[in-house]
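In: Need coordinates for the below:
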Amino acid sequence: MRKLFRGAAALATSVVAVIALSAAVEAKPVGSWAGCPDGAVCIYPQNQNPAVKPTHVFHRYGAHNLSNQFGHHWVLNNQYGGATANLCTGTGGAGCGSPIAAKTGVYADLTPVNSIRLNR
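Out: Purely as a prediction, here's the structure:
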């Protein structure tokens, strides 16, 4: 009877460990993308194509004002879990355009853009 209980306990422990590890693997970020760290939104230098090394890296949700950004730039959203980003014509995250989905990027003219907003 003890062997049966030990076997059942070992099996239950194994199942719990496999489920826990599976959940951890699914939640893990994919990795750096063109020098943009996991969970960040990055802006690259004007006309850098392909995107190689960002000049701006944003980690926190909310609005971030931009200055002296003119011409076309890659903007990569390397966030995960469905987090989006917006390019906004106003300061403080006002007048935002369409959301940039997680794990996607846009090649955009930042001349009219005055802020970027990171959303959960």
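
In: Next, L87: phi, psi?
Out: Taking degrees, to the nearest 10, you get phi -90, psi 130 for the backbone angles of L87.

In: hmm, I was thinking of T91
Out: Per-residue torsions, T91: phi -80, psi 160 (degrees, to the nearest 10).

In: Return the per-residue confidence for it.
Out: The per-residue pLDDT reported for T91 equals 98.

In: What are the boundaries of the strands in the chain?
Out: 41-43, 56-58, 62-65, 72-77, 84-88, 104-109, 115-119 (DSSP state E).

In: Switch the ones you listed over to a markdown table; also include mean pLDDT.
Out: Formatted as a markdown table, the strands of the chain follow (pLDDT from 0 to 100):
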| stretch | mean pLDDT |
| --- | --- |
| strand 41-43 | 98 |
| strand 56-58 | 98 |
| strand 62-65 | 98 |
| strand 72-77 | 98 |
| strand 84-88 | 98 |
| strand 104-109 | 97 |
| strand 115-119 | 98 |
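
In: any idea which of these is most buried?
Out: Comparing those by mean neighbour count (mean count of other C-beta atoms under 10 Å), strand 41-43 comes out on top with a mean of 25. Using the backbone N, CA and C atoms, a C-beta is placed for each residue, glycine as well.
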